Every structure is written in C-alpha cells, then in structure tokens.
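>>> fold the stuff below for me.
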Amino acid sequence: MKVLYLDCFSGISGDMLLAALIDLGVPLSVFEEVIAQLGIPVEIKGTAVYKNGIRASQVILAEQTRQPGERSYHQLLEIVTQSNLPSHISAKVEMALLRLAQAEGAAHGVEVERVHFHELGGLDTLVDLAGAFAGISYLGVEQVCASPLPLARGTIITQHGPLPLPAPATLNLLKGAPTYGVSIEGELVTPTGAVLVTSLAGSFGPPPAARWEKIGYGAGTQEFPHPNVLRLWLGESLDHKEARETPELAFDQDQVLVLETQVDDVNPEFLPYLRMQLEKEGALDVAFIPTMMKKGRPGIIVSILSPPDRLSSLARILFRESTAIGLRWYQAGRIKLFRTSVEVETPFGSIPVKLGFAVKPNGSREYLNLAPEYEACARRALETGSSIKEVYRAALKAADSLEPPTE
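Okay, the predicted model is just below:
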C-alpha cells in the first residue's frame, strides 16, 4: 500500500502542499492541466529555493488577466461544477470548498452564501484544492497520515481587519485534529491548509511503519527561525495485511455538547416556550423524554444538543425558563451525512428536496437519504387543493429520477 505522510512541523498551506508534491515528482504539467480543466486565467510556476539551508520547491500563482478582488462561494462552486475536472477530483473540491465556506461563515457570523474568497479573486483556492487532490491521485497514494499541527500566535491582516492567529476559520476546520502551540508569531496553518490536511489525512500521529522511498519539501513564503517547509514522505507500507484500509464511506463529523437535566415539577405548558428559547439561542436540537424519577414521580429529561461555544448561554436559559437547579453536560462526537439540496419540478410546482450523502474513496457520492421540504409540500398542497401525501410522493419521485446510481 502506497502511503504519504504529511510532516507538518512548520504547518501547512495550499501552496506548500503543491510545491512539496512537485518536489516528490509530480510534474508541473499536472497542475497546469488542472488549471486548464477549471478554465481559469491563472498561471503556475515552480522554482527551487532554500529555507535555512534546506532546498525546497516553491510554487507561484499569477493572474493572466486582471481578476475581481473577491468571489463568493457560489461563484467559485459554479466554476468547479462547470469545469472539466475528473468527477473524483471535482467532488472532493466541492466538499472542501463547502467546508471552507462553512468555517469562514461560522467565524464571521454570516451565511455560507455571503462568504467571499479574496486571493486572486478566490482562484488560488481552487488551484490549491484541485491541484492537491490531483497530485496525490497522480502519485497513486492509497493512505495519507499527518503529524500533529503546530499553531502559532500573533495577528494577520485580512479584509475584516486584524485577526488573531490561528485564524478563526482555521480553528473551526481543525476541530478534532491534534495540535500544539509554538512560540512563533506568524500563520503556520492557513484555512486552505487546514481543510486539505483534515480532508486527506485518515490519521494523525507519528509516521506509520513504511519503507520510505521519496522525500519532498514544499516552501512557504514566510521566513522563520526554522526552515519554513512542509515535508512529505512517500513510501510503501510495511504492514500490508494489518494496515488500516480506506473506509468504504466517509461521513461529515463534528463535536457537540450534550446538556441534560431531569425535572418533575415543571408546568408542561412551559416546555414549548423553553424549546423555542433554547433554539433561538443556538441549540441544535431539544428533546423532552418521559422518565420515572425518585419516589415514583413521573418526570421529564430535557436533553439539549449544543455547539461547543453555547454551554453557558443555554444553561442560563434552562435555569431561567424551567424549574431545573442543575444540569450535566458532556462532549460527544457526531457522524453525519453530508447534505445538499435540489429543486425538483412536480405537477404541483417546484419543491426543494434535501439530500444526504456519504463520500466514497474515489470522491463520488452515495446518496443515502432524501426528504422533500415539509413546509414547501404543505404550501403546494394548500395552493392546489391536493393532499400533502400526493405532493410529497411526487417530490420523492422527481428526486429519485435525479439521484445518481449508488453502485
């Protein structure tokens, strides 16, 4: 099994990864072909540089025609969907681009639709993502591992003004990944680097047992007291039979908090109001579960699913709007289907349908769930005088006709 180890002792960025792949032997023409498939006016050049005595490759992207200062997430997504990239590459780029937009949106408190990318109008992000996936595919890599990631301090100047390092979007993308702090001021892990390493690496830690054949160095643009390079190790796993296989399907994952309390003296009429206030404050889900409490009293378990940063605010609402005088909380991991939505045409009009899917090792999607939007179905049923069941079935049928085979 061919294995690639990302040795991120100086962090990782998109251009560092592309440069290190070139140093491993990926021809520059692979990235030039990616740019041609994307159909964007960008030129890529490779050069050799020295970082504190270590020779490394470096890539430089330049616009061939003047580009707008920024592009929205949907504008970049449209470039990818209309490109000639191979399907297994474009699917991975779409997924990474969505994660980037979600991380940026969460950091700045805006919807994904309002997220914009700036460097070369966002085109450099597309080259970094598509180029990295294409370069690793060219090498025939079957397993990717990475070292823990160093996080430095300081500030970075952005379109939003000075922001603390690590950049907020970077931290959002690195949730669940092992990191450690270093006493350096400067950006070591960029948002693009963060989305790439967490998308590619199946595990984090020391190098796996392997017979290493090639080492590649990709240089960053900043100067630090240490060599600012990303080091890639390419080799053959020694443990063929016991090496972890690539999972059959990849799912979206994140971390949440679970808040729970039990009450036996709350007015049931207050529970819908409690739910409304908790959801307004950011609760992901609220459940009321019947239970039997001490002395045989019937009671309610209030279970709240919370983002990691909403513990105190949700606890305050729970105490204020119920009779609870304490709660327990714990962290939990979630595995979720990736989600998207499509508009389908039915005899009753256009209906949005939510699609849930997993990602196969080749980057293709396996759709495992679909559900028409209830509110839209109800509205169409009232407008047409039809039953909601008829509208719902029509939307399901239309969505089934659009769904690609799951193989």
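
>>> the closest residue to Pro307 other than its chain neighbours: what's it in contact with?
Nearest residue to Pro307, sequence neighbours excluded (CB to CB, 6 or more residues apart in numbering): Gly282, at 5.9 Å. Glycine gets a C-beta too; all of them are placed from N, C-alpha and C. Gly282 is in contact with Ser306, Pro307, Arg310, Ser313, Leu314, counting by CB atoms under 8 Å, 6 or more residues apart in numbering.

>>> one more: Ser137?
Neighbours of Ser137 in contact, by CB under 8 Å, 6+ apart: His88, Ile89.

>>> now do the phi/psi pair for the residue nearest to Pro307.
Backbone dihedrals for Gly282, given as degrees, to the nearest 10, come out at phi 120, psi 0.

>>> residue boundaries of the strands in the stretch 151-300 of the chain?
The residue ranges that make up the strands of the stretch 151-300 of the chain, judged by DSSP state E, counting those that start in this stretch, are 155-158, 161-164, 179-185, 203-204, 210-219, 229-237, 252-263, 285-292, 298-306.

>>> from Asn267, how far out is Thr192?
With distances taken as CB to CB, to the nearest Å, Thr192 is found 52 Å from Asn267.

>>> looking at these two, which one has more neighbours?
When Thr192 and Asn267 are compared for neighbours, Thr192 comes out ahead with 26 against 9, by other CB atoms under 10 Å.

>>> per-residue confidence at the nearest residue to the more buried one once chain neighbours are set aside?
Distances taken as CB to CB, 6+ apart place Gly14 nearest to Thr192, at 3.9 Å, with adjacent residues excluded. Confidence at Gly14, expressed as pLDDT, is 95.

>>> just give the number of residues close to Gly14.
Count around Gly14 with other CB under 10 Å applied: 26.

>>> low-confidence regions, the stretch 51-200 of the chain specifically.
By pLDDT under 70, the low-scoring segments of the stretch 51-200 of the chain are 118-121, 158-160.

>>> what about 90?
Regions of the stretch 51-200 of the chain meeting the criterion pLDDT under 90 cover residues 53, 62-74, 87-88, 103-122, 153-168, 175-176, 182-186.

>>> quick one, helices of it?
Taking DSSP state H, counting those that start in this stretch to define them, one finds helices in the stretch 51-200 of the chain at 73-81, 87-108, 123-139, 168-173, 191-200.

>>> compute the distance between the residue nearest to Pro307 and Tyr330, please.
As defined by CB to CB, Gly282 lies at a distance of 18 Å from Tyr330.

>>> what's the answer for Val258, then?
From Val258 over to Tyr330 the distance is 6 Å, taken as CB to CB.

>>> what does Gly39 give?
In this structure, Gly39 lies at 49 Å from Tyr330, with CB to CB as the measure.

>>> what about those two, which has more around it?
Under the criterion of other CB under 10 Å, the comparison of Gly39 against Tyr330 puts Gly39 first, with 11 against 8.

>>> thinking that one is in contact with Asn84, fair?
Yes: taking contacts as CB atoms under 8 Å, Gly39 lies within contact range of Asn84: 7.3 Å.

>>> ok, now which ones touch Leu6?
Leu6 makes contacts with Ile12, Leu17, Val144, Cys145, Ala146, Ser147, Val197, Leu200, Ala201, Leu230, Leu232, as judged by CB under 8 Å, 6+ apart.

>>> how about the contacts made by the fifth one?
When you say that, I think you mean Ala146. Residues counted as contacts of Ala146 (CB under 8 Å, 6+ apart) are Tyr5, Leu6, Cys8, Val197, Leu200, Ala201, Ser203, Phe204.

>>> okay if I get those as TSV plus distance to Ala376?
As requested, those are arranged in TSV below (distance: CB to CB, whole Å):
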residue	distance to Ala376
Tyr5	48
Leu6	44
Cys8	45
Val197	39
Leu200	37
Ala201	39
Ser203	42
Phe204	42
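
>>> weed out the non-buried ones from those residues.
Burial by neighbour count, judged by 16 or more other CB atoms under 10 Å, picks out Tyr5, Leu6, Cys8, Val197, Leu200, Ala201, Phe204 from the contacts of Ala146.

>>> count of neighbours near the residue nearest to the fifth one when sequence neighbours are not counted?
Closest residue in space to Leu200, ignoring its immediate chain neighbours: Val144 at 4.5 Å, by CB to CB, 6+ apart. Using other CB under 10 Å, the number of residues around Val144 comes to 18.

>>> my read: Val144 touches Phe204, true?
No: in this structure, Val144 is not within contact of Phe204 by CB under 8 Å, at 10.5 Å.

>>> and for Val258, the neighbour number?
Close neighbours of Val258, defined as other CB under 10 Å, add up to 14.

>>> measure it to Pro162 for me?
36 Å.

>>> cool, and Leu284?
Taking CB to CB as the measure, Leu284 and Pro162 are separated by 31 Å.
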